[in-house]
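>>> pasting the structure only:
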């Protein structure tokens, strides 16, 4: 056992990177749930994004095209959910589960010829001068672009939800869809928009796994990250800044247990591997706060 | 313009016609998928749905139907209680794994006993307890702390998978296995083995349990007070509370039933078709059972039929993988499409499709 090999600065830098897929998928789902829709298909959209991104990046040799492809793939899958839940008024819980099962199958079908291939590398942004600052430099100014995108997206969603008129309308639709409908807002259209945005974010988060974190295509690469993202939205009480906190907490547990495994701590690797999932349950039990949007998960049908 | 108009009462015709229509729709959509992959759709559909039962190698594949249907039906029956009451246990896969570990652990603790009268029933009971325990964790967390059972039950699947991996190389590892991961093979341990009861049928004790469970669930749901409480809670939780249903108790019982059924299925699988505790013991029955439950309309007889159909797609998928070179993952996607199709067609149960613009009242 050698705990001195764990460098706290690198640990925090790795934590921010490790939490990025959860943060991206979570911020998308947060917007979806704020619009009153419960999409349990995050895992399926994430893994579809992961493979679409991988294929696009592999075909063009460009990681940026890969990320774009991932967002499109995730959004495409989300569109199925949007049509089913908004226009055919299906129960959102089984529809979301179906989306996850479908996405898992689709991804391993699409990815069967890509197993074990390496993805094009994504270079880090090395901010000149600032990245040389001790401690803060490696943590804040030497990450890859998607990490900054994740943080930027969180800030943007916060601004959108609480500072813009459209965000207010979206929250109104989520709180009480009958009232929003009576005021003349297009409930279904707004929700479809939110669902597609959520799918794009989840796809992007998934591709961060297949293009940056791993970066090799393997079946089942998301390993429950989509479900953890859903859990963190609940933990966050549907508020963006707490979502960031939850994602970092999860990233911290993930990175720490990997470091402990590498340091040969006398705890079996399997028990360390399950710790992020146990931590997620504990966090849900002990620290959940906030109230779900009033119309969450209810189908909307304008009767007259 | 198409629009939907809510029916005064759900159509009882579509309630039962929808699953059939969904299967036909899935075959159609699946055909498009196969065509897109460059396979002849008609041959692919026939390979999946017809050949396992009546094709050239049917003698080998037919017994697999019951082997695969038994766990699906058992798990789906357990889930149907909770789903009816709006309790979403989606972690049956984990409860299935824990049932297998508990049951096999009990049986192997007495190795090499020959007291089958004690070991076999005892192991089934331990499988039941293992699954029940694992199902009750999200149940207790929901009742005590209001924790969302969808998320906690699913997280516990990953925890169970890690415990399984640890057991296969740790506590339950075969001491005579020359260092290979995996437990002793229960097929060679007569006191714990879950054998094929009649040669060539695939029927083992799990199939017997599934048939008994279908009958039991039917009686409880339609004739017993508890079944009434479950149905009432699903339709109107508020009315159920006025009728004296204790919601917390109902959650715990439903989670215990679904966990217990999954646990039994786990033991029958590990002591029979699978044979040993190994890392890749579970193959997703716990998730497919969710589709079985919905396709069977949460009704025991429906679940029986839906379980057989989904078992058929598993076997058909394997046949298609061999003969048509179709990837195994296609079947998982196919099963997802089946659930989508059902949910889509279900719109006809509650709504009428009308043409033309709505008249302003």
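All right, it came through fine. Since the structure is predicted, the reported quantities are computational estimates derived from the model, not experimental observations.
>>> by average pLDDT, which secondary structure element in the chain comes out worst?
As the question left the chain open, I've gone with chain A. When the helices and strands of chain A are scored by mean pLDDT, DSSP states H and E, strand A:125-126 comes last with a mean of 68.
>>> oops, chain B please
Among the helices and strands of chain B, strand B:2-6 carries the lowest confidence by mean pLDDT, DSSP H and E, at a mean of 79.
>>> average pLDDT across whichever helix or strand comes after it?
Moving toward the C-terminus from strand B:2-6, the next helix or strand (DSSP states H and E) is helix B:12-36. Average pLDDT, helix B:12-36: 87.
>>> mind giving me the packing neighbours of helix B:12-36?
With contacts taken as 3 or more CB pairs under 8 Å, 6 or more residues apart in numbering or on different chains; DSSP states H and E, helix B:12-36 sits against helix B:41-49, helix B:300-323, helix B:329-345, helix B:347-350. (Glycine included, C-beta is placed from N, CA and C.)
>>> can you give me the helices for the stretch 1-150 of chain A?
Remark: helices assigned in the stretch 1-150 of chain A by DSSP state H, counting those that start in this stretch are A:8-34, A:42-60, A:63-82, A:92-110, A:136-140, A:145-163.
>>> and the longest one with helix A:63-82, angle?
In terms of direction (axes from the mean of the first three to the mean of the last three CA atoms, to 10 degrees), helix A:8-34 departs from helix A:63-82 by 30 degrees.
>>> spell out which parts of the stretch 201-350 of chain B neighbour chain A.
With CB under 8 Å from any CB of the partner chain as the criterion, the stretch 201-350 of chain B comes near chain A at residues B:287, B:290-291, B:294, B:327, B:329-337, B:339-340, B:343-344, B:346-347, B:350.
>>> apply 10 Å and report the result again.
Along the stretch 201-350 of chain B, the residues adjacent to chain A under the rule CB under 10 Å from any CB of the partner chain are B:279, B:284, B:287-288, B:290-291, B:293-294, B:326-348, B:350.
>>> please check the residues you listed and keep the buried ones.
B:287-288, B:290-291, B:293-294, B:326-327, B:329-348, B:350 (16 or more other CB atoms under 10 Å in any protein chain shown).
>>> which stretches of the stretch 101-250 of chain A have low pLDDT?
Flagging of the stretch 101-250 of chain A using pLDDT under 70 yields the residue ranges A:125-126, A:129, A:142.
>>> circling back to that earlier point, as a markdown table, the helices and strands packed on helix B:12-36 with distance to residue B:251 would be great.
A markdown table is the format used below for the helices and strands packed on helix B:12-36 (distance: least, CB to CB, whole Å):
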| stretch | distance to residue B:251 |
| --- | --- |
| helix B:41-49 | 38 |
| helix B:300-323 | 21 |
| helix B:329-345 | 24 |
| helix B:347-350 | 26 |
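>>> and the residue nearest the centre of chain B, what does it touch?
Nearest residue to the geometric centre of chain B (CA atoms, centre = their mean): residue B:289, 2.4 Å. Contact analysis of residue B:289 by CB atoms under 10 Å, 6 or more residues apart in numbering or on different chains lists B:71-80, B:90, B:92-93, B:96, B:258, B:261-262, B:265, B:303, B:306-307, B:310.
>>> tell me which element it is part of?
Using DSSP H and E, residue B:289 sits within helix B:285-295.
>>> give me the buried positions along stretch A:193-213.
Neighbour-count burial for stretch A:193-213 flags A:193-212 (criterion: 16+ other CB under 10 Å).
>>> same deal with stretch B:210-217?
Residues B:210, B:213, B:214, B:217 are the ones in stretch B:210-217 that count as buried (16+ other CB under 10 Å).
>>> now the last one. Nearest residue, chain neighbours left out?
Beyond its immediate neighbours in the sequence, the residue positioned closest to residue B:217 (CB to CB, 6 or more residues apart in numbering or on different chains) is residue B:300, lying 4.3 Å away.
>>> I figured the one you found hits residue B:212, correct?
No: here residue B:300 lies out of contact with residue B:212, judged by CB atoms under 10 Å, at a distance of 11.1 Å.
>>> coming back round to it: neighbours of the residue nearest to residue B:217, how many?
For residue B:300, the neighbour count with other CB atoms under 10 Å in any protein chain shown is 22.
>>> okay, now residue 258: neighbour count?
No chain was given, so I picked chain A. By other CB under 10 Å, the residues close to residue A:258 number 17.
>>> wrong chain, I was asking about chain B
Residue B:258 has 33 neighbours, counted by other CB under 10 Å.
>>> spell out which parts of the stretch 51-200 of chain B neighbour chain A.
The stretch 51-200 of chain B has residues B:83, B:86, B:88, B:90, B:137-138, B:141-142, B:144-148, B:150-170 near chain A, with proximity defined as CB under 10 Å from any CB.
>>> quick one, grab the pLDDT at residue A:34.
Looking at residue A:34, its pLDDT stands at 95.
>>> apart from its neighbours in sequence, what residue is nearest it?
residue A:174 (4.9 Å).
>>> show me the contacts for the one you found.
Shown in contact with residue A:174 (CB under 10 Å, 6+ apart): A:31-37, A:180, A:187, A:190-191, A:194, A:238, A:292-296.
>>> which residues sit in contact with residue 15?
I went with chain A, as the question did not name one. By CB under 10 Å, 6+ apart, the contact set of residue A:15 is A:139, A:247, A:248, A:249, A:250, A:251, A:252, A:253, A:254, A:255, A:256.
>>> nope, chain B
Residues near residue B:15 by CB under 10 Å, 6+ apart: B:297, B:299, B:302, B:346, B:348, B:349, B:350.
>>> mind checking the longest helix of chain B?
Using DSSP state H, we find that the single longest helix of chain B is helix B:116-145.
>>> who are the packing partners of the helix or strand just after that helix?
Proceeding N to C from helix B:116-145, the next assigned helix or strand is helix B:149-169, under DSSP H and E. Applying 3 or more CB pairs under 10 Å, 6 or more residues apart in numbering or on different chains; DSSP states H and E, we find helix B:149-169 packed against helix A:92-110, helix A:225-235, helix A:269-273, helix A:275-287, helix B:92-109, helix B:116-145, helix B:247-271, helix B:285-295.
>>> at 7 Å what do you get?
Secondary-structure packing of helix B:149-169 (3 or more CB pairs under 7 Å, 6 or more residues apart in numbering or on different chains; DSSP states H and E): helix A:225-235, helix A:269-273, helix A:275-287, helix B:92-109, helix B:116-145.
>>> what angle do it and helix B:247-271 make?
Compare the direction of helix B:149-169 with that of helix B:247-271 by the same axes, to 10 degrees and you get 30 degrees.
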